[in-house]
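Chemist: Here is the input, now give the coordinates:
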Amino acid sequence: MKKLALFLVVLLFLGISSGCGKKQISLNPEKGQDITVLTMDGNLTSLNDDQQRELDIVMRWMDRDIIQSLNRSGFNATLIKKRNDYNKGMGKLLIIDVAAFNPGSRAARAFVGYGAGAASLDLDYVLLNDNGGELLRWKDGVGSSKGGTYCAQTLNRNAVAKVVHYVNNN
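Modeler: Got it, this is the predicted structure:
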């Protein structure tokens with residue numbers, strides 16, 4: 001019994017000390033800078049009212065999360081909702097546009113499980129410099145059996161890592 005308890009304590013210690021959990025990606029301290037984020041809902045005309053409402057929920061959650069993630073990574077991040085709200089003094093501009101969204105089925109996720117009713121989210125990204133010149137352009141998409149906000153969380157994590165890597169290396 002003592003061997004089992006010792007084994008579990010060692011396993012727990014190794015898990016904690018080896019960095020289990022989310023890995024934080026940060027800017028080099030000398031590279032800290034302003035960034036502005038513009039999120040757009042992609043004007044997806046094929047969505048019905050319920051799907052559009054679900055997309056609005058996901059977008060509001062995504063907006064808060066991307067700003068918090070960028071700030072934790074060393075940026076001074078600001079969110080805007082219209083391109084006209086951006087000016088040169090606000091740093092780089094990260095534009096995030098929804099390319100496709102499928103909210104899935106909450107009922108299927110709740111009652112069936114096993115990936116049934118999975119949501120999916122595809123986003124287009126553009127990172128611009130202060131003068132409007134394109135620095136990066138990419139697409140990313142993900143699905144989740146846990147819902148749209150989990151898709152947004154994964155995509156935000158990927159985007160922050162990509163932007164931090166670009167800024168640190170350029």
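Chemist: all contacts plus neighbour counts: C-alpha atoms, from now on.
Modeler: Fine.
Chemist: Going along the chain, name the strands of the chain.
Modeler: For the chain, the strands defined by DSSP state E occupy 34-40, 76-80, 92-102, 119-128, 134-144.
Chemist: what's the closest of those strands to Arg64?
Modeler: Checking the strands of the chain against Arg64 by Cα to Cα gives strand 76-80 as the closest, at 8.6 Å.
Chemist: how about the helices in this protein?
Modeler: Here the chain has its helices, by DSSP state H, at 2-17, 49-72, 106-111, 148-169.
Chemist: Which of those has the lowest mean pLDDT?
Modeler: Note on the helices of the chain: lowest mean pLDDT is at helix 106-111, with a mean of 48.
Chemist: ok, now which ones touch Ala99?
Modeler: Contacts for Ala99 were tallied using Cα atoms under 8 Å, 6 or more residues apart in numbering; they are 42, 44, 121-124.
Chemist: what's the closest of the residues you listed to Arg157?
Modeler: Distance to Arg157 across these (Cα to Cα) is lowest for Leu123, with 12.9 Å.
Chemist: Show the pLDDT at that closest one.
Modeler: Leu123 is assigned a predicted lDDT (pLDDT) of 93.
Chemist: Nice, that's everything, thank you.
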